[in-house]
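Undergrad: can't give you the sequence, but here's the structure:
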């Protein structure tokens, strides 16, 4: 079911922060600016239950009565992100703890744990009360569950969590013998003889936990989050009209968002703050444009998504890092960054900057003075533009390339000092190369349901460092290549099983036929190694972090590039193997941006817009298509005017003008063309 039939704007509003005399005027000003939806109540538990078991709804009833004097729509929230003081005082077992067992006390947010039975019961009660009371309010079009699940804290160590972890492990392994085998507990005499001996990772010498326990703990954190979200979802869906949606935001650590979407939400939303990229020090030359990687992740978790918090002002907490104010045009640029990547709903955080509390520096559209300003005008202009783009909603993001994303491999890479740095470097290198080459991509998430048919739409599929490799995934990749696809795998592919153990087998395990080669030796590289290169003809390719040494064993396996230095000089570094109708490439290192660009050229993967326009690398492009129409987005992230060359006449969707030939795009400018 599609929930957005047009591009729509919203904002986050906190009536409990403001005098009631401001409410109606605020709503009218929002509507005048084109803002038609507000999100409310995510931190307002006390407004409904100020003492245990005593429920009062008069405050938000009064507010919604004011809302219903207008055309404003509402996304209502379950307020469980901040349990009230009476609850945490009476039931301290609901509080979260760090790895040493130190309690996170009341006074911030997200200080509860997902597994304390009393908190699950209090959650059930408050959500049931709110759903029953507000289900049929005509202004409410959707609900948000909690707020930013796993934000700030993505690993949990309360006593309730360890108790629940044991239950999780019993259900997974059945017996201690099977758990001991899976975790290799015979190593360092870690064998468990009673379930009560097992805890979530605790401090050990060098803080080195059993890596297989660690991997299962991250799976458990995800399972706990999904289960907690589903508790809300099932209650809400029991009471709400069918056309009222339920969502929550990502992306935060240790949550399988594909499963969260499929099991506990109607669709996902994302909180987009590109200014974090501008304040990044070192290595991120894409800056705010890098946030398109996160948008791609959300897009890969569900076909429809929205933005629940879009940056609208400078950011920062009272005691944490700060971000400068967006320059003129940047709010518009970031809004269309989200739309270009597939979002149909954009909600700005927040309407007016709070005048008290921890987030007094996390600015909204309006400043403390409540006066109209350039940020409000910029958003008002966007609202007018959205009216011209009414049929854009529901259009699909077009991609020629896919990157396989696997949660188990991501989580394993957090503690694996060989595997982890490769993943981090390659994720950035692939994204940057595809962005600057104007080759849009999708993330395709690995799951038990992934089939070769899901990959068939893509010319090329990158599988960067699938260290953990299921036989089912290996077969899926083989079927994709056999049918004519091009697969490119990175170093350290296929040497661990699903438990993170290394089987006694030839690498890449179960795929030597696919790649037509074997890995008989390998080496990690120092960060500044002078040997991190391979030769592709007369070109020198940067091959950082790790070198798998490849030995072709099939006549169909062709050496593409060889290592340039060290004892293995001349050994294959990149090979391609003809497999069925397609090709399987193995790349023996991490994926560097410039090297990926060379690979794309070698493969003949061309820009999605090669017949439409020439666009400099500093601009992001995307195409959204559907119902016989397609729209090309060009976004300029620089503070300078850039020149484009439009190769055919197209309609400027924002001005209705026909444009072609040389075109100048202003600093932080946006061009949307109907093609």
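TA: Structure's in. What do you need? The model shown is predicted, which means the values in this text are computed figures rather than measured ones.

Undergrad: bridged to residue 345, which residues?
TA: residue 8 (DSSP bridges).

Undergrad: that one: what's it in contact with?
TA: Residues near residue 345 by Cβ atoms under 8 Å, 6 or more residues apart in numbering: 4, 7-10, 37, 269, 306-307. To be clear about C-beta, it is placed using only N, CA and C from the backbone, and glycine gets the same treatment.

Undergrad: roughly how far does it sit from residue 122?
TA: According to Cβ to Cβ, to the nearest Å, residue 345 stands 31 Å off from residue 122.

Undergrad: same question for residue 82.
TA: Counting by Cβ to Cβ - residue 82 and residue 122 are separated by 13 Å.

Undergrad: how about residue 270?
TA: With Cβ to Cβ as the criterion, residue 270 and residue 122 are 28 Å apart.

Undergrad: and the two? which has more neighbours close in?
TA: Set residue 270 next to residue 122 and count neighbours by other Cβ atoms under 10 Å: residue 270 wins out with 25 against 22.

Undergrad: my read: the more buried one touches residue 305, true?
TA: Yes. Using Cβ atoms under 8 Å, residue 270 makes contact with residue 305 at a distance of 6.5 Å.

Undergrad: next, show the common contact partners of the two.
TA: With Cβ under 8 Å, 6+ apart as the test, residue 270 and residue 305 both reach 298, 343.

Undergrad: what's the neighbour count on residue 267?
TA: 23.

Undergrad: not counting sequence-adjacent ones, nearest residue to it?
TA: Distances taken as Cβ to Cβ, 6 or more residues apart in numbering put residue 304 closest to residue 267, at 4.6 Å, once the chain neighbours are dropped.

Undergrad: before we move on, what about residue 530?
TA: residue 565 (7.0 Å).

Undergrad: thinking again about what came up before, show me which of the contacts of residue 345 is closest to residue 149.
TA: If you rank the contacts of residue 345 by distance to residue 149 using Cβ to Cβ, residue 269 comes first, at 11.8 Å.

Undergrad: for that closest one, list each beta-bridge partner.
TA: Applying DSSP bridges, one finds that residue 269 bridges with residue 249, residue 306.

Undergrad: I'd assumed residue 304 was in contact with it.
TA: No. Residue 269 lies out of contact with residue 304 (Cβ under 8 Å); the separation is 10.0 Å.

Undergrad: now do the contacts for residue 489.
TA: Counted by Cβ under 8 Å, 6+ apart, residue 489 has contacts 462-464, 466, 508, 515, 584-587.

Undergrad: again, 6 Å this time
TA: 463, 586 (Cβ atoms under 6 Å, 6 or more residues apart in numbering).

Undergrad: how much space separates it from residue 586?
TA: Distance, residue 489 to residue 586, by Cβ to Cβ: 5 Å.

Undergrad: over to residue 178?
TA: 34 Å.

Undergrad: tell me which of those two has more neighbours.
TA: residue 586 (29 against 12).

Undergrad: is it true that that one lies in a strand?
TA: Yes. Per DSSP: H, G, I helix; E, B strand; the rest coil, residue 586 lies within a strand segment.

Undergrad: over to the nearest residue to it once chain neighbours are set aside: give its phi and psi.
TA: Nearest residue to residue 586, sequence neighbours excluded (Cβ to Cβ, 6+ apart): residue 515, at 4.6 Å. Per-residue torsions, residue 515: phi -90, psi -10 (degrees, to the nearest 10).

Undergrad: what do you get for residue 133?
TA: Per degrees, to the nearest 10, the backbone of residue 133 is at phi -80, psi -40.

Undergrad: re the thing from before, list the residues that contact the residue nearest to residue 586.
TA: Residue 515 touches 577, 584, 586, counting by Cβ under 6 Å, 6+ apart.

Undergrad: can you check residue 51 too?
TA: Neighbours of residue 51 in contact, by Cβ under 6 Å, 6+ apart: none.

Undergrad: okay, now the unreliable bits of the stretch 201-350 of the chain?
TA: When residues are selected by pLDDT under 70, those of the stretch 201-350 of the chain lie in 280-284.

Undergrad: how about the helices in the stretch 351-500 of the chain?
TA: 374-388, 407-413, 419-436, 452-455, 471-482 (DSSP state H, counting those that start in this stretch).

Undergrad: output these as JSON lines; include the columns mean pLDDT.
TA: Output for the helices of the stretch 351-500 of the chain, formatted as JSON lines (pLDDT from 0 to 100):
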{"stretch": "helix 374-388", "mean pLDDT": "98"}
{"stretch": "helix 407-413", "mean pLDDT": "96"}
{"stretch": "helix 419-436", "mean pLDDT": "94"}
{"stretch": "helix 452-455", "mean pLDDT": "97"}
{"stretch": "helix 471-482", "mean pLDDT": "97"}
